[in-house]
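**Student:** Pasted the sequence and its predicted model underneath.
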Amino acid sequence: MQKMILAVAVSLFASTCTAKTESETSWETPIDTLTGPLLKGRAIVVGKQSETDIEEISLPFDFGQFQKEKDRHDMGEQEDMPYLPITIEGNATLENIYKSRWDKSRPSLFYRIHTGKKFQLDMVCYYLENTPSHIYRLITSAGENIIDGLTAFSQIGENSGDWKAKSFTIAKNLDIIVYKNKLYKEKVVKRQVVGRYTIDDKGRFIKQ
């Protein structure tokens, strides 16, 4: 197994990062903000040689709130971005670990989500070269070995400002709900469930 020291390059730029959701079901009432506080923890990122301090996002997690925070930061409305990513691009080992098993998309960065499990859970941003694309996949791993993956958000060839039309949440018990949102005056008024998943103790995504 290749040994390496992860160069933690905190990237605060607007990344190009996308999910093929399931068939539509019933409308649900709006859900309050579910995002929990950040948890700073000591975590092994890759390899056996070193550990690195990274900011872990604690559960529950709401992708809609995550995007709002990114927008505020990108527009200069707030100086600090509360979600701190780790750069993948330019790191050959990480690029190989997180390379797409689903399509020709390329990984750019990831966010570590705290689960308290033996496996790691990362939200990885992917993009398609020469194509407007925002792809977010949830990836479970143990060391340098990928266990499973789920595309939780996807926009390809669409206006990036339309991100509010899709979202997902992760509960403390690792239940994942993917939504198609109904908008009114650019605000989410209803969420339509298009997919339900959970993560088992082995780190596999199970469709419910």
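**Tutor:** Cool, the structure landed.
**Student:** okay, CA-based contacts and neighbour counts for the rest of this
**Tutor:** Fine.
**Student:** Buried by neighbour count: which residues of stretch 170-182 qualify?
**Tutor:** 170, 171, 174, 175, 176, 177, 178, 179, 180, 181, 182 (16 or more other C-alpha atoms under 10 Å).
**Student:** Surely residue 94 is in a helix?
**Tutor:** Yes. Under DSSP: H, G, I helix; E, B strand; the rest coil, residue 94 sits within a helix.
**Student:** count of neighbours near it?
**Tutor:** For residue 94, the neighbour count with other C-alpha atoms under 10 Å is 20.
**Student:** now it, nearest residue through space, not along the chain?
**Tutor:** Here the nearest residue to residue 94 in space, its sequence neighbours aside, is residue 88; by C-alpha to C-alpha, 6 or more residues apart in numbering that works out to 5.6 Å.
**Student:** and what of residue 124?
**Tutor:** Using C-alpha to C-alpha, 6+ apart, the closest residue to residue 124 is residue 110 (4.2 Å).
**Student:** before we move on, what about residue 145?
**Tutor:** Here the residue nearest residue 145, using C-alpha to C-alpha, 6+ apart, is residue 97, at 7.2 Å.
**Student:** wait, doesn't the one you found sit right on residue 142?
**Tutor:** No. With contact defined as C-alpha atoms under 8 Å, residue 97 does not reach residue 142; the gap is 11.0 Å.
**Student:** rewinding a little: mind picking the two most distant members of the buried residues of stretch 170-182?
**Tutor:** Comparing all pairs in the buried residues of stretch 170-182 by C-alpha to C-alpha, the longest separation belongs to 174 and 182, at 24.6 Å.
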